[in-house]
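Enquirer: Sequence plus predicted model, see below.
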Amino acid sequence: MSPTLTRLLPWPPALFIAWVFLWYLQYKFTGHPGSVHLFTILTNWLGFPGYEAVMRIGTGMAELIASLLILYPRTQGLGALMSTGIMTGAIFFHVVSPLGIDPYDDGADLFKKACVVWVLGLGIAYLRRADLIALWTLVRTNALLLPAKEVCPCPLRLRR
């Protein structure tokens, strides 16, 4: 595959993923009744009744961060992995919780989009694997170079 194609190929799926996440933020962040209902079912099923807003807003924040990461070339692979992780949770909850695959009786639109975003996220991560490896190497190398107190700022130190 040519370097130009490898560089350009991730952009259409990245834009789709960002669009899906950013579109649904309006429902999560404004407390739309459909979104509140969905997250109320989830939090009650998980045993955290009353924490619907925390889960709804937290999920929205994660989706916003993933959208920003996937739209920046150097972090596109990281945003894709994050998108895949978020959608793994969404797919899991649709399949195993009382939500079901089609909670809104709309032909399972949310579930289908979650599956598409999951696959596209994996595809982008694969195409951006060199960037992901470079980012991992950078993080790992810099973490090893930091003095112990900067890695773990806790006051307790083990004796050597």
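Expert: Cool, got the structure. Numbers count the residues shown, from 1 in each chain.

Enquirer: From now on I want contacts and neighbour counts done on CA atoms only, so please keep to that.
Expert: Will do.

Enquirer: Show me what the helix or strand that contains residue 142 is packed against.
Expert: Residue 142 belongs to helix 129-145 when assigned by DSSP states H and E. Using 3 or more CA pairs under 8 Å, 6 or more residues apart in numbering; DSSP states H and E, the elements in contact with helix 129-145 are helix 76-96.

Enquirer: avg pLDDT for the helix it packs on?
Expert: Averaging pLDDT along helix 76-96 yields 97.

Enquirer: Same question for stretch 122-134.
Expert: Average pLDDT, stretch 122-134: 94.

Enquirer: which stretches of the chain aren't confidently modelled?
Expert: Low-confidence segments of the chain (pLDDT under 70): 143-160.

Enquirer: chain center to the helix holding residue 142, what's the gap?
Expert: Mean-position distance between helix 129-145 and its chain equals 20 Å (CA atoms, centre = their mean, to the nearest Å).

Enquirer: now stretch 85-103
Expert: 14 Å.

Enquirer: do stretch 114-132 as well
Expert: Distance of stretch 114-132 from its chain centroid, counting by CA atoms, centre = their mean, is 11 Å.

Enquirer: Backbone dihedrals for residue 49, please?
Expert: phi -60, psi 140 (degrees, to the nearest 10).

Enquirer: Roughly how far does the residue nearest to it when sequence neighbours are not counted sit from residue 81?
Expert: Spatial nearest neighbour of residue 49, excluding adjacent residues (CA to CA, 6 or more residues apart in numbering): residue 43 at 5.5 Å. Residue 43 sits 25 Å away from residue 81, going by CA to CA, to the nearest Å.
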